[in-house]
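[1] Can you look at this prediction? I've put the sequence above it.
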Amino acid sequence: MKISQALSELTELSVTQLSNSIKNVLVQYFSYVRVRGEVSNLKIASSGHVYFKLKDQKALISCVCWKGNWAKLKFHPKSGDEVSLIGKVTTYSDSSEYQLDVNLIDPSGVGYWMQLLEERKTKLQAQGVFAPEHKKPIPFISNIIGVITSSKGSVIEDIKHRIMQRFPTKICLYSVPVQGEQTAPCVIEAVQYFNNLPAGQRPDVLIIARGGGSIEELWPFNDEALVLATFASNIPIISAIGHETDYTLLDLVADVRAPTPTAAAEFVTPVLKDLRETIYKLNHSLILQLEMIINLRSAQVKGVDLSIDSFLNEYQQRVDRLEQKLEHYVQSTLYQKTIAINKVVLNDRLLTLSVDGKKMKLEVIAQKLNTIFEAQWLAWNNKIQNLSDVFSALDYQKILQRGFVIVRGEQDEQIITSSKDIVGEKKLILEFFDGQVVATTNVKK
C-alpha cells in the first residue's frame, strides 16, 4: 500500500523535462574530464562543427568539437589517431544520448610522437648540429658546474650528493620547470644566461637534467629551438634526461649524453681519493728518476775522471818519447860531426865557418822541433780543457745549484730516498750546493 501510494504521488515529467534533468546531473557531477582513446568516424559538418567517436577495446562515446574550439586546436586528429582530450560530459536531448563536448585535443599515441621526432631529427641532422666534430671536450676538473633542472625533487639532490662525494665543487643551479610548455623556453634562457656570465663566474660545464617519464613528458627536450641553443653554447653541455632507455634530440646535440643525472655528475668530477693516489705515485716515480739521473751522472763523472787520467798518461808518454828522440838525434848529430871534423884538417877559418854552419843548422832543427812540440802540446791541452768543461758540467754540485738537496743519515751518510726511511727522531745531513746543514726530524708513523 505504501509503495503504491508513494508511486502515485510522483510528479509527472515530460520527456524533455526528464532529458534536461539527466543532462543537468551529468554536467554538475562530471564537469570537465580528460579521456584517452582512439578517434573513429570523424566528420566535419557543413556548419564547421566536428563529430567523431572516441573508443577503446570495450566502449565507445560520442564527441562533438564546436567550430570555434576546433579552429583553436594546435592538433587536428584524423580517424585512427590515439588522442587525449578534455571536455564536458553532456547529453544530446533529441536522442537522449550522452556525449563529450570537446575543448582540447592532444596527440597521445607513441607512433605519432616518434614520427614527429624522426622528422625533426632529419631536419636538424641536415644542418649538421649532431656532427661529432662539433662536440666540445668536457673539462677533467671544473671550478664551477652549472646545473639546469628543477630545484624540487630528487634529481638535483642526487647530482649534488654525487659531486660532493667524489670531488667537492661549486654548483650553480638554474631552476626550470622540467615538464610542460614552459620547459623549453626556460631551459634556453638558462643556457644563454650561463654563457653570458663574466669569465670568472661562468661555469666550466653545464648539466641539463630531469628524471624519467613518458615521451609526452620528455617532449620539451625535443624542441628545435632548444637544440639550436645547445649547439650554439660555448660551454660544454651534458644531457641527462630521463633514464638510460629514454631518448631526446637534446641527447644528440649535447657534447656528452649521460644515462642518468647521477652519471652526469660522475662525468664532470674525478675521484679525489684516486687523484691523490696518482699524485703520490707520480711524485715517488719522479724521485726515483732523479736518483737514477744522479747515479748515472756520478758514474759518468767517474768515467770522465778515468778517461782524463788515461789521456794525460798516454800523451805524457808521447812527450817523453819525443824528448828522448830529440836528445838522441842531437847527440848522434854532434857525434857524427865531431868525427867528421877530426878526420878533415881545415884551416881555422874553414873550420870555424863549418862549425858555425852546422851550429846554425842545429839551431834551425832545434827551433823546428820546438815549434812542432809546442803545437802538439797546445792541441792536446785544448782537448784536455774541453774534457774538463764536460766534467765540470756533469758535476753534481751544478745539479744542487738548481734547488736540489741530497739527504743523508748522520751516522752512515747513506743517501735517503724515501720518507718511509725516516722514523722517529733522527739527525740528517742536508747537502746544499754551498755547504751542509744538520737537521733533526721527529716523524711519527
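    The structure has been received and is ready for your questions.

[2] Strands of the stretch 251-400 of the chain, start to end?
    Using DSSP state E, counting those that start in this stretch, the strands of the stretch 251-400 of the chain run over 256-257.

[3] what about it, any weak spots by pLDDT?
    Confidence mapping of the stretch 251-400 of the chain against pLDDT under 70 gives the ranges 304-306, 341-355, 389-396.

[4] Helices along the stretch 301-445 of the chain, start to end?
    Taking DSSP state H, counting those that start in this stretch to define them, one finds helices in the stretch 301-445 of the chain at 348-393, 396-400.

[5] name the helices or strands packed onto the last one?
    Spelled out, it's helix 396-400. Applying 3 or more CB pairs under 8 Å, 6 or more residues apart in numbering; DSSP states H and E, we find helix 396-400 packed against helix 272-343. Heads up, the C-betas are built off the backbone N, CA and C, glycines and all.

[6] average pLDDT across stretch 240-247?
    Per-residue pLDDT over stretch 240-247 has a mean of 80.

[7] What's the end-to-end length of it?
    The straight-line separation of the ends of stretch 240-247 (CA to CA, to the nearest Å) is 10 Å.

[8] From the rest of the structure, what touches stretch 362-371?
    Contact with stretch 362-371 is made by Leu326, Tyr329, Val330, Thr333, Leu334, as judged by CB atoms under 8 Å, 6 or more residues apart in numbering.

[9] what about the last one, distance to Leu362?
    What it means is Leu334. Distance, Leu334 to Leu362, by CB to CB, to the nearest Å: 8 Å.

[10] Neighbour count for the two, which is higher?
    Leu362 (15 against 12; other CB atoms under 10 Å).

[11] how far away is the more buried one from Phe373?
    For Leu362, the distance to Phe373 equals 16 Å [CB to CB].

[12] tell me the secondary structure for the spatially closest residue to Ile235 that is not a sequence neighbour?
    Among residues not flanking Ile235 along the chain, Leu206 sits closest, at 5.3 Å (CB to CB, 6 or more residues apart in numbering). Of the three states, Leu206 takes strand under DSSP: H, G, I helix; E, B strand; the rest coil.

[13] give the contact list for Leu206.
    The contact partners of Leu206, by CB under 8 Å, 6+ apart, come to Ile145, Gly146, Val147, Ile148, Val191, Phe194, Ser233, Ile235, Pro236, Ile237, Ile238.

[14] How many residues are close by the first one?
    Here the number of neighbours of Ile145 (other CB under 10 Å) works out to 25.

[15] Kindly report the same for the fourth one.
    Other residues within reach of Ile148, judged by other CB under 10 Å, total 24.

[16] Then Thr440?
    Neighbours of Thr440 using other CB under 10 Å come to 9.

[17] how many other residues sit next to the closest residue to it other than its chain neighbours?
    Excluding the flanking residues, the one nearest Thr440 by CB to CB, 6+ apart is Lys427, at 5.3 Å. Using other CB under 10 Å, Lys427 is surrounded by 11 other residues.

[18] how close does Glu217 get to Val147?
    20 Å.

[19] Between those two, which is the more surrounded one?
    A side-by-side neighbour count of Glu217 and Val147, using other CB under 10 Å, places Val147 first with 29 against 17.

[20] Now do the contacts for the more buried one.
    Contacts here follow CB under 8 Å, 6+ apart; on that basis Val147 touches Ile156, Ile159, Ile171, Cys172, Leu173, Tyr174, Leu206, Ile207, Ala209.

[21] Now the residue nearest to Lys67 when sequence neighbours are not counted. Its backbone dihedrals?
    Excluding its sequence neighbours, the residue lying closest to Lys67 (CB to CB, 6+ apart) is Gly48, at 3.4 Å. The phi and psi values for Gly48, taken as degrees, to the nearest 10, are phi 100, psi -10.

[22] Help me confirm that Gly48 comes into contact with Trp70.
    Yes: with contacts counted by CB atoms under 8 Å, Gly48 reaches Trp70, the gap being 7.1 Å.

[23] Of these two, give the one with the bigger neighbour count.
    Per other CB under 10 Å, whichever of Gly48 and Trp70 has more neighbours is Trp70, with 16 against 12.

[24] Who are the packing partners of the host helix or strand of Val187?
    Following DSSP states H and E, one finds Val187 within helix 183-195. Applying 3+ CB pairs under 8 Å, 6+ apart, we find helix 183-195 packed against strand 144-149, strand 170-175, strand 205-210, helix 224-232.

[25] how far away is the residue nearest to Pro259 when sequence neighbours are not counted from Tyr335?
    Counting by CB to CB, 6+ apart, Glu244 is the residue found nearest to Pro259 once chain neighbours are left out, at 3.7 Å. Distance of Glu244 to Tyr335, given as CB to CB: 109 Å.

[26] Glu410 is nearest to which of the helices and strands packed on helix 183-195?
    For the helices and strands packed on helix 183-195, proximity to Glu410 was assessed by CB to CB; strand 170-175 is nearest, at 48.2 Å.

[27] Between strand 144-149 and the closest one, find me the angle.
    Taking axes from the mean of the first three to the mean of the last three CA atoms, to 10 degrees, one finds strand 170-175 and strand 144-149 inclined to each other by 20 degrees.

[28] that older thread, name the stretch among the helices of the stretch 301-445 of the chain that sits most buried.
    Greatest average neighbour count among these goes to helix 396-400 (a mean of 15), per mean count of other CB atoms under 10 Å.

[29] what does it rub up against?
    Helix 396-400 is contacted from outside by Ile294, Arg297, Ser298, Val301, Ser392, Ile406, Glu431, Phe432, Phe433, using CB under 8 Å, 6+ apart.

[30] can you do 10 Å?
    Under the contact criterion CB atoms under 10 Å, 6 or more residues apart in numbering, helix 396-400 has outside partners 290, 293-295, 297-298, 301, 392, 404, 406, 431-434.
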